[in-house]
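Okay, predicted coordinates and the sequence, questions at the end:
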Amino acid sequence: DAFIRVGPRVPSGVGRFPLGSGVGRGWSRWPGTAGRIHPRWLLLQKGDGWSVRGSMAAIDRAKISVLIDNSPRYDTYLKGCFGLSLWLEIESEGTCKNVLFDVGPLSEPLLYNAEMMGLNVEDVDLIVLSHCHFDHTAALADVVERIGREVNILAHPEIFRSNFALKPDFMNYGMGGRNGRAELERIGGNLILTRSPLEVFPGLMYTGEAERTAAFERSGGVSTFSLDARGNVVDDEQRDDVSLVLNVEDRGIVAVTGCAPAGPISILRHSIQVSGMDRIEGVIGGFHLLEAGSERVDETIAQMKMHPPNLIAPMHCTGLIPTAKIAMAFPDAFREMHAGDVIEYG
């Protein structure tokens, strides 16, 4: 019943940080984070400056397994396909939960890979969808049916909007048909659609909609379109982009992204804000740099060096050349991850 917890438990005598106020020294080395503090955070004085402490708990243990990526790990006989799906096993406060982050485009490789990796889809406690695109969501109805009971599905309120590409030809990128809202609810999907950050389990946070604070990230991604209220074709801003954040005790947060159309830097800044933590342990997932120019890729790397994670695992839609640049820029932190790869904490 407490699987989704909204709002902090505020200790007596500790006030809320006033929204819109400055943070002062010691909060973050990144520009664009100061002064936009989520009201769930607590303000504590520290030395001659100020620091922000969030109510987010720390996990006891986490295991992140890649079920779907564009290719399988080289020494396995798993199946690869264009898409992404990650299995997060989280232990916290004496309880273990299994979270499926995206489901990929096809159920057959997802179910096959899960079985080969010793994972039972029927054990999933929560499904989180990073955004509407088919390569992250098309297997959803099949997965819900395989689970065989009611299961919570957490996503952004705009995830069911029309979404399509026009080049090289028209292609539907959105959710519909068996993955439409009515059908998902009929087969057992309990949809929780919110823009707000939620600590869905102690130490695991759903970021909600990320504020896009890095202007250079507003171009160079995959272009898709939608329809406005009058039926006009308009550029799709992909506001439904959400991520997950794990808080690893004494190490910092791990951001888990889908395609990151909001941009990896904006997402990392947002993750700092919603978690209240100012240390980044890692970032795993798609970086949305496949069609980005060299200037955006180089600026992404430069910004990331201002707050360097200990683990950087670009996947799926990052692109070959951007991935190679990231690997060379962060030789110690870079980790190549494909279907079958696993990362553990705790």
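Here it is on my side, so go on.

wait, isn't A333 in contact with P309?
Yes. Using CB atoms under 8 Å, A333 makes contact with P309 at a distance of 5.9 Å. C-beta coordinates here come from the backbone N, C-alpha and C atoms, glycine included.

those helices in the stretch 1-150 of the chain, which residues are they?
107-116, 134-137, 140-147 (DSSP state H, counting those that start in this stretch).

Comparing A333 and P309, which shows the higher neighbour count?
More crowded of A333 and P309, by other CB atoms under 10 Å: P309, with 20 against 17.

which residue sits closest to the more buried one, ignoring its sequence neighbours?
Of all residues not flanking P309 in the chain, I280 sits nearest, at 4.5 Å (CB to CB, 6 or more residues apart in numbering).

Just want the phi and psi numbers for that neighbour.
Dihedral angles of I280 (phi, psi; degrees, to the nearest 10) stand at phi -110, psi 120.

Can you get me a residue count around it?
Neighbours around I280, by other CB under 10 Å: 24.

close enough to count as contact, it and H307?
Yes. I280 lies in contact with H307 (CB under 8 Å); the separation is 5.8 Å.

Mind listing the shared neighbours of the two?
The overlap between the contact sets of I280 and H307 (CB atoms under 8 Å, 6 or more residues apart in numbering) consists of L268.

Rebuild the helices of the stretch 1-150 of the chain as CSV, extending it with distance to G176.
Below are these laid out as CSV (distance: least, CB to CB, whole Å):
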stretch, distance to G176
helix 107-116, 17
helix 134-137, 10
helix 140-147, 11
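
Low-confidence ranges, the stretch 101-250 of the chain, go.
For the stretch 101-250 of the chain, the stretches flagged by pLDDT under 70 are 220-222.

returning to that earlier point: got a list of what the residue nearest to P309 touches?
Neighbours of I280 in contact, by CB under 8 Å, 6+ apart: G252, I253, V254, A255, L268, S271, I272, H307, P308, P309, N310.

contact partners of the helix or strand where L184 lies?
Secondary structure from DSSP states H and E places L184 in helix 181-186. Identification of contacts with helix 181-186 by CB under 8 Å, 6+ apart yields L140, A141, V144, I153, F160, G177, L191.

quick revisit: of the helices of the stretch 1-150 of the chain, which is nearest P168?
For those, the distance to P168 is smallest for helix 134-137, at 16.4 Å, taking CB to CB.

Just the CA trace of that closest one, in PDB.
Only the C-alpha atoms of helix 134-137 are listed here, as PDB (Å, rounded to 0.1, in the frame of the first residue of the first chain):
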ATOM      1  CA  PHE A 134       7.200   2.300 -30.000                       C
ATOM      2  CA  ASP A 135      10.700   1.000 -29.400                       C
ATOM      3  CA  HIS A 136      10.100   1.500 -25.700                       C
ATOM      4  CA  THR A 137       6.400   0.600 -25.400                       C
END
